[in-house]
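Colleague: Test case, fold it:
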Amino acid sequence: MIDVAVIGSGYGGAVIAARLARRARVLVIERGAWWRPGDFPESISGLARAYMGRGNPGGLWSMRLGAGTGLAFASAFGGSSVVNYGITAQPDDHAFAGWPVTAHELSPWFERARRELGASANPRGDELPDKRVLDELEPEARVDLENTIDWSACVRCGRCVPGCNHGAKRSLDRTYLAQAIHAGAELRLRTEVRSLTAEAGGYRLELAGPGGREWVSARRVVVAAGTLGTLDLLHRSQVPLAPMFGRRMSMNGDGLAFLYDTRRALATHHGAPISTSVRLRFEDDEGALRTLMVMSGRVPRAALRLAGAGLAVLAGVLIDRRDRREQPAGRWLRRIRDLIAVTERGALTRSFMYKLDGQDTSGGNARFTSSGAVVDWPDYVDDPVLQFAAARLRQWADRIGGVVIPDVARLPGMRSFSVHPLGGCRMGRDGLDGVVDAVGRVFDPRGGVHPGLRIADGSIVRGSLGVPPSLTIAALSERIAADLERELATSRDPTMTA
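Modeller: Here you go, the predicted structure:
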């Protein structure tokens with residue numbers, strides 16, 4: 001019997017595996033493959049071939065569509081760390097209002113996770129013109145971001161998404177998971193947990209992998225399959241869960257907006273990762289303090305031609321801000337150049353691509369389809385944080401010109417997309433307030449908690465954070481792992497190692 005089965009290898013599962021493999025027999029089960037430098041797609045067509053579906057269960061990424069929302073997620077050893085920009089940011093303290101654990105209590109776990117992830121600021125970030133413009137637009141609000149990137153190996157190719165083929169990204173397979181493997185953790189890759197059932201002394205897992213079906217028993221199970229994966233597994237396993245299961249979910253204020261063809265040279269096409277941002281605070285209509293992070297990025301290199309042409313067309317159909325300080329001919333010449341070939345003389349190099357993360361109102365609810373969980377939130381695009389973001393971008397356009405292309409969900413036929421779905425198994429003080437307690441133990445609606453069963457991923461995050469959630473998930477999981485270590489240390493089971 002396995003001591004601890006960890007389902008998933010993202011920012012939650014990787015932490016749990018690294019900490020517990022030193023003390024117990026740990027099995028890490030991951031649906032995705034181990035993608036290494038050289039394996040990642042570098043074109044739109046390659047990205048399409050890497051889509052995970054029934055005909056390609058080992059694909060790198062997938063998406064699901066709900067009412068008003070779309071969700072994109074990765075399937076890989078190391079979870080989203082292999083495909084993201086590695087942005088590592090701690091939320092403002094007010095993001096933890098109403099949680100069963102305080103920001104002060106989480107502080108040491110944030111520091112531990114930050115140290116292990118090895119994030120640092122871009123040493124060449126001062127070369128980027130958008131930093132100077134953001135300082136002008138939002139004095140005192142700009143924040144240099146830290147990324148889990150080995151900057152000495154970064155060639156600024158512009159292909160951080162969907163994966164670094166130069167080995168510069170310090171993804172989880174090079175940090176926490178490497179520690180877990182070194183400590184003796186066992187791996188089952190390209191293997192999905194189909195069901196989880198309680199049995200005497202633990203749980204029985206039904207696995208489906210390259211070798212077919214098999215069953216594994218484990219004394220303890222940590223579900224860390226990512227928000228959607230965890231919801232899927234618990235729903236089909238029919239584990240008795242608290243009433244809040246699948247409710248009050250957040251998109252983490254995710255949005256994508258553009259300030260197109262401004263009067264400033266803003267972003268060259270050298271491919272630097274997202275390195276800078278502004279962090280803004282505002283009060284909603286109920287007086288609650290909320291955070292919006294606007295991150296200044298660049299269009300991924302694989303999508304430059306598509307973005308150059310698409311934005312030029314959109315700018316023509318949207319209301320164009322007529323800048324009296326520039327002749328219209330100059331603007332249209334830049335846009336026509338981008339339709340032909342994206343160059344430094346085109347409009348795209350004068351454009352901001354804004355990645356938005358913010359504290360939304362957690363108004364989404366899970367719905368289970370034949371393909372798995374989706375999030376329904378029909379009016380997400382009208383959430384206060386996105387309204388605030390759109391108004392702020394219009395203020396910026398008043399100062400430096402350009403066409404505001406707000407959250408793309410407002411365009412005909414589009415919907416809001418998120419890569420950071422949170423909640424569904426949120427932390428709470430009891431079974432009426434949440435699905436897990438402050439250390440990830442799953443509430444049993446019949447009373448107490450399910451012994452030996454915990455959750456450690458984005459699904460336990462109680463509300464939106466206002467920043468990318470990777471560091472928060474790792475910090476919460478460090479705290480859960482420490483509690484599990486104490487539990488293992490006091491266990492009388494003779495198979496447990498000291």
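
Colleague: If you count contacts, what does the helix of greatest length in the chain end up packed against?
Modeller: Longest helix in the chain by number of residues (criterion: DSSP state H): helix 470-489. For helix 470-489, the packing partners by 3 or more Cβ pairs under 8 Å, 6 or more residues apart in numbering; DSSP states H and E come out as helix 13-20, helix 103-117, strand 212-223. Any C-beta I mention is one placed from the backbone N, CA and C, and that applies to glycine too.

Colleague: Could you list the buried residues of that helix?
Modeller: 470-481, 484, 488 (16 or more other Cβ atoms under 10 Å).

Colleague: Mean pLDDT and distance to Arg64 added to the helices and strands packed on helix 470-489, as a markdown table?
Modeller: Below are those laid out as a markdown table (pLDDT from 0 to 100; distance: least, Cβ to Cβ, whole Å):
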| stretch | mean pLDDT | distance to Arg64 |
| --- | --- | --- |
| helix 13-20 | 98 | 21 |
| helix 103-117 | 98 | 27 |
| strand 212-223 | 97 | 19 |
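
Colleague: Tell me which of these sits nearest to Ser351.
Modeller: helix 103-117 (30.7 Å; Cβ to Cβ).

Colleague: Please report the distance of Pro108 from Leu117.
Modeller: For Pro108, the distance to Leu117 equals 15 Å [Cβ to Cβ, to the nearest Å].

Colleague: give the contact list for the closest residue to Pro421 other than its chain neighbours.
Modeller: In this structure, Pro421 finds its nearest non-sequential neighbour in Thr227, 4.6 Å apart by Cβ to Cβ, 6 or more residues apart in numbering. Thr227 makes contact with Met249, Pro421, Leu422, Gly423, Gly424, Asp457, Gly458, Ser459, according to Cβ atoms under 8 Å, 6 or more residues apart in numbering.

Colleague: How about Arg392?
Modeller: Residues Leu280, Leu292, Val294 are the ones in contact with Arg392 under the rule Cβ under 8 Å, 6+ apart.

Colleague: Look at it and give its secondary structure.
Modeller: The three-state assignment at Arg392 reads helix, by DSSP: H, G, I helix; E, B strand; the rest coil.

Colleague: ok, back up a step: give me the buried positions along the helix or strand hosting the residue nearest to Pro421.
Modeller: Per DSSP states H and E, Thr227 falls inside helix 226-237. Using 16+ other Cβ under 10 Å as the test for burial, helix 226-237 gives Gly226, Thr227, Leu228, Gly229, Thr230, Leu231, Asp232, Leu233, Leu234, His235, Ser237.

Colleague: Under the pLDDT cut-off, which ranges of the stretch 201-350 of the chain? List them.
Modeller: 267-272, 300-304, 314-332, 336-344 (pLDDT under 70).

Colleague: mind listing the helices for it?
Modeller: All helices of the stretch 201-350 of the chain, identified by DSSP state H, counting those that start in this stretch, fall at 226-237, 304-317, 328-340.

Colleague: likewise the stretch 1-150 of the chain?
Modeller: 13-20, 44-49, 103-117, 129-137.

Colleague: Pick the most buried one from those helices.
Modeller: helix 13-20 (a mean of 29; mean count of other Cβ atoms under 10 Å).

Colleague: Restrict that one to CA atoms and write it as CSV.
Modeller: The C-alpha trace of helix 13-20 is given here as CSV (Å, rounded to 0.1, in the frame of the first residue of the first chain):
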residue,chain,number,x,y,z
GLY,A,13,1.2,18.4,-6.0
ALA,A,14,4.8,19.2,-6.6
VAL,A,15,5.2,20.8,-3.2
ILE,A,16,3.4,18.0,-1.4
ALA,A,17,5.6,15.4,-3.2
ALA,A,18,8.8,17.1,-2.5
ARG,A,19,8.1,17.5,1.2
LEU,A,20,6.7,14.1,1.9
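
Colleague: elements contacting that helix?
Modeller: strand 2-7, strand 26-29, helix 103-117, helix 176-182, helix 470-489.

Colleague: try it again with 10 Å
Modeller: strand 2-7, strand 26-29, helix 103-117, helix 176-182, strand 212-223, helix 470-489 (3 or more Cβ pairs under 10 Å, 6 or more residues apart in numbering; DSSP states H and E).

Colleague: hang on, the earlier thing: which among the contacts of Thr227 gets closest to Val161?
Modeller: So of the contacts of Thr227, ranked by how close each gets to Val161 (Cβ to Cβ), first place is Pro421, at 17.6 Å.

Colleague: I figured the closest one was touching Val375, is that so?
Modeller: Yes: using Cβ atoms under 10 Å, Pro421 is in contact with Val375, at 5.9 Å.

Colleague: Span of stretch 433-450 from start to end?
Modeller: 16 Å (Cα to Cα, to the nearest Å).

Colleague: what mean pLDDT does that stretch have?
Modeller: If you average the pLDDT over stretch 433-450, you get 97.

Colleague: One more: stretch 69-80?
Modeller: Rounded mean pLDDT across stretch 69-80 is 96.

Colleague: how about the CA coordinates for it, as CSV?
Modeller: C-alpha atoms of stretch 69-80 as CSV (Å, rounded to 0.1, in the frame of the first residue of the first chain):
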residue,chain,number,x,y,z
THR,A,69,-16.6,31.8,-20.0
GLY,A,70,-13.8,29.8,-21.5
LEU,A,71,-11.0,28.0,-19.5
ALA,A,72,-7.6,27.0,-20.9
PHE,A,73,-5.4,24.6,-19.0
ALA,A,74,-2.2,22.6,-19.4
SER,A,75,-1.7,18.9,-19.0
ALA,A,76,1.9,18.1,-18.3
PHE,A,77,4.4,17.0,-15.7
GLY,A,78,4.9,20.2,-13.8
GLY,A,79,1.4,21.5,-14.6
SER,A,80,1.1,25.0,-15.9
